[in-house]
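**Q** Please work out how this folds:
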Amino acid sequence: MVFNVAISEKAEQPLASRTLLKGVVVYDSAPPSFAELKKHLAQSLKADEAVVVISRCVPVFGSRKSSLEAHVYKTKQDADMFSSKVILARNQPRASAP
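**A** This is a model prediction of the structure:
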């Protein structure tokens, strides 16, 4: 899958021990999964994949773009403490069908 992520805003949130990232994802065919976005962001930011959490990825109607909101935490414990269980479950890779 080919996609490009452009980060437009980066804001430190020291009380939650995280950095907020906002941007746009441009893709060719289908939108990438949260797990693919998480892996791509972790590689580009040189961060551990466990501390990157994708909180929102909303497609823009009529285009091959999505608006992205992600958090990069300082530690894995901070990610578990400040993110909801639903968002953390969305960031896990899907189990393949038997």
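
**Q** Now the phi/psi pair for Asp78, please.
**A** Phi and psi for Asp78, reported as degrees, to the nearest 10, are phi -60, psi -40.

**Q** and it, what does it touch?
**A** Residues in contact with Asp78, defined by CB atoms under 8 Å, 6 or more residues apart in numbering, are Ala16, Ser17, Arg18, Val51. From N, CA and C alone the C-beta is placed, and that goes for glycine too.

**Q** Contacts only, for Glu12.
**A** Per CB under 8 Å, 6+ apart, neighbours of Glu12: Thr19, Leu20.

**Q** Equivalent analysis for Lys10, please.
**A** Lys10 sits next to Thr19, Leu20, Leu21, Lys22 when contact means CB under 8 Å, 6+ apart.

**Q** Name the member of the contacts of Asp78 with the most neighbours.
**A** Across these, neighbour numbers were computed from other CB atoms under 10 Å; Arg18 holds the maximum, 22 neighbours.

**Q** low pLDDT regions in the chain?
**A** Scanning the chain for pLDDT under 70 picks out the ranges 96-98.

**Q** and the longest helix for the protein?
**A** The longest helix of the chain (DSSP state H) is helix 34-45.

**Q** by contact count, what packs against it?
**A** Helices and strands touching helix 34-45, by 3 or more CB pairs under 8 Å, 6 or more residues apart in numbering; DSSP states H and E, are strand 3-13, strand 52-59, strand 65-73.

**Q** Buried deepest among these, which one?
**A** When the helices and strands packed on helix 34-45 are scored by mean count of other CB atoms under 10 Å, the highest mean neighbour count falls to strand 65-73 (a mean of 20).
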